[in-house]
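Chemist: 3D, please:
(one chain, ligands or ions: 1)
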Amino acid sequence: MTMTQQAEMAMRQPSKFWDRHAKGYAKRPVSDQAGYERKLKVTQQYLSPEMNVLEFGCGTGTTALIHAPFVNHIHATDLSEGMLAIAREKAVKGSIDNVTFERASVEGFSADDASFDVVMTHSLLHLLEDKDAAVAKTHRLLKPGGLFVSSTVCIGDAMPWLRPVLPIGRFLGLLPLVRFLRAEPLARDIEAAGFRIEHEWQPGSRKALFLVARKI
Ligand SMILES: C[S@@+](CC[C@H](N)C(=O)[O-])C[C@H]1O[C@@H](n2cnc3c(N)ncnc32)[C@H](O)[C@@H]1O
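Modeler: The predicted model follows:
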């Protein structure tokens, strides 16, 4: 297989990219620990013991496993089996039995409308072909008044110089698809999809947008 064919395949199969990087991702420390803890704390102020939560793109399960004691159940999904294998191992080690893991893409996941109290996406929306479709699906899956908790990398604000580099990195199979999102338009798109933003925060670096939004 030529390098071009390999790159084309990597582009068509994002799960392969994340499978390849799962072990490295699991070992890498959180880049902004204080910011991460602040987001966890804010989220937990909205959680309660009867809630059923869905997470898209759960990765190695860190956030789901931290929130698990605060809710009834978390259904954590990701398209990468490599990521999920690590997540399942961590759940067993931590004796956490109210988180289930399922291999599913955002695009392919299906459940009845209004099934969940909370839907979470962390470091995911900027990786999707169609983030608006994901936000619309989130809205549909939430109960009336349900919560969308999302943290999204917004390199369009903080690192505009990256724009020409990303397609090259993707072509070489070194990077996944990364959208050039900006915080302000992203927040407006989420509101336009039928949410009221109740908490909005950009960490010091302004490379991300964290928000808690309620389905209206
Ligand atoms: C940057 S990692 C974030 C993982 C985790 N949420 C966290 O905050 O550490 C992105 C994750 O999204 C998953 N992912 C990428 N595209 C996806 C899609 N279309 N559907 C579901 N998961 C996806 C990847 O497999 C990867 O685990």
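Chemist: What separation do you get for the residue nearest to Ala136 when sequence neighbours are not counted and Lys137?
Modeler: Sequence neighbours aside, Ala193 is the residue nearest to Ala136 in space, at 5.7 Å (criterion: CB to CB, 6 or more residues apart in numbering). For the C-beta atoms, the positions are set from N, CA and C on the backbone; glycine is no exception. Going from Ala193 to Lys137 by CB to CB, to the nearest Å gives 10 Å.
Chemist: before we move on, what about Thr60?
Modeler: With CB to CB as the criterion, Thr60 and Lys137 are 23 Å apart.
Chemist: ok, the two, which is more surrounded?
Modeler: Thr60 (23 against 20; other CB atoms under 10 Å).
Chemist: give the contact list for that one.
Modeler: 22, 25-26, 83, 86-87, 90 (CB atoms under 8 Å, 6 or more residues apart in numbering).
Chemist: Quick check on those: which are buried?
Modeler: Buried by 16 or more other CB atoms under 10 Å: 22, 26, 83, 86-87, 90, out of the contacts of Thr60.
Chemist: out of the residues you listed, who's near the ligand?
Modeler: Filtering the buried ones among the contacts of Thr60 for proximity to the ligand (criterion: CB under 6 Å from any ligand atom) leaves Met83.
Chemist: now the helices for the chain?
Modeler: 3-12, 14-27, 33-46, 62-67, 81-93, 131-141, 155-158, 165-171, 183-192 (DSSP state H).
Chemist: buried sites along the longest strand along the chain?
Modeler: In the chain, with assignment by DSSP state E, the single longest strand is strand 142-153. Neighbour-count burial for strand 142-153, counted by 16+ other CB under 10 Å, picks out 142, 146-153.
Chemist: Backbone dihedrals for the residue in the chain positioned nearest to the ligand, please?
Modeler: Using CB to the nearest ligand atom, Gly59 is the residue of the chain that sits closest to the ligand, at 2.5 Å. Here is the backbone geometry of Gly59 (degrees, to the nearest 10): phi 60, psi -130.
Chemist: Could you verify my assumption that it touches Asp78?
Modeler: Yes. Between Gly59 and Asp78 there is a contact at 6.0 Å, judged by CB atoms under 8 Å.
Chemist: Show me which of these two is the more surrounded one.
Modeler: Asp78 (27 against 23).
Chemist: Excluding chain neighbours, what is closest to that one?
Modeler: Cys58 (4.9 Å).
Chemist: And that neighbour, what's its pLDDT?
Modeler: Here the pLDDT value assigned to Cys58 is 98.
Chemist: Do me a favour and get the end-to-end distance for stretch 147-158?
Modeler: Distance across stretch 147-158, first residue to last, is 27 Å (CA to CA, to the nearest Å).
Chemist: Give me the residues contacting that stretch.
Modeler: 39, 43, 46, 117-126, 135, 138-139, 142, 162, 178, 180-183, 186, 190, 195, 202, 205-215.
Chemist: Got a PyMOL select line for the buried ones in these?
Modeler: Applying 16+ other CB under 10 Å to the contacts of stretch 147-158, the buried members can be selected in PyMOL as follows:
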select buried, resi 39+43+46+117+118+119+120+121+122+124+125+126+135+138+139+142+178+181+183+186+190+195+202+207+208+209+210+211+212+213+214+215
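Chemist: Next to the ligand in this structure, residues from this protein, please.
Modeler: 14, 18, 56-59, 62-63, 78-80, 83, 105-107, 122-124, 127-128.
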